[in-house]
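Enquirer: A predicted structure for the sequence below; I have some questions about it.
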Amino acid sequence: MQREDFFERVWDLVAQIPPGKVATYGQLAAMLGHPRHARLAGAALRYAPDTLPCHRVVSADGSCALHWPQQQALLAREGVAFLPNGKVDLPRYRWEG
């Protein structure tokens, strides 16, 4: 697996996540046939084009990125609700791609 190819495939998937839905890093990696590469999927998003809806990708427990306080506001604007602990309600908003 070429890292650049994996990154581009992650970006293609992220572009397909509709407003109001989220995916996890591990989910993206699994969809690409590499279920143990969740961290690499996260790395791909660090280098993603600004036009991608990267805010729609969260941690496996529904947490938003610690270094990106605007992520929760962007998701809320799309209608994504959060649990009392501040995490996305994954059973309700997970993208099934």
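Expert: Now that the structure is in, tell me what you want to look at.
Enquirer: contacting residues around Ala43?
Expert: Phe7 (C-beta atoms under 8 Å, 6 or more residues apart in numbering). Glycine gets a C-beta too; all of them are placed from N, C-alpha and C.
Enquirer: Return the alpha-carbon coordinates of the helix or strand containing it using CSV.
Expert: Taking DSSP states H and E as the definition, one finds Ala43 inside helix 38-46. Below are the C-alpha coordinates for helix 38-46, written out as CSV (Å, rounded to 0.1, in the frame of the first residue of the first chain):
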residue,chain,number,x,y,z
ALA,A,38,-7.2,4.3,11.6
ARG,A,39,-4.2,6.5,12.6
LEU,A,40,-3.1,6.7,9.0
ALA,A,41,-6.6,7.8,8.0
GLY,A,42,-6.3,10.6,10.6
ALA,A,43,-2.9,11.5,9.1
ALA,A,44,-4.5,11.7,5.7
LEU,A,45,-6.9,14.3,7.0
ARG,A,46,-4.0,16.5,8.2
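Enquirer: Buried residues, that helix. List them.
Expert: Neighbour-count burial for helix 38-46, counted by 16 or more other C-beta atoms under 10 Å, picks out 38, 40-45.
Enquirer: what are the bridge partners for the spatially most central residue of the chain, then?
Expert: Centrality entry for the chain: nearest residue to the mean C-alpha point is Val57, 1.4 Å, by C-alpha atoms, centre = their mean. In this structure, Val57 bridges to Ala23 when assessed by DSSP bridges.
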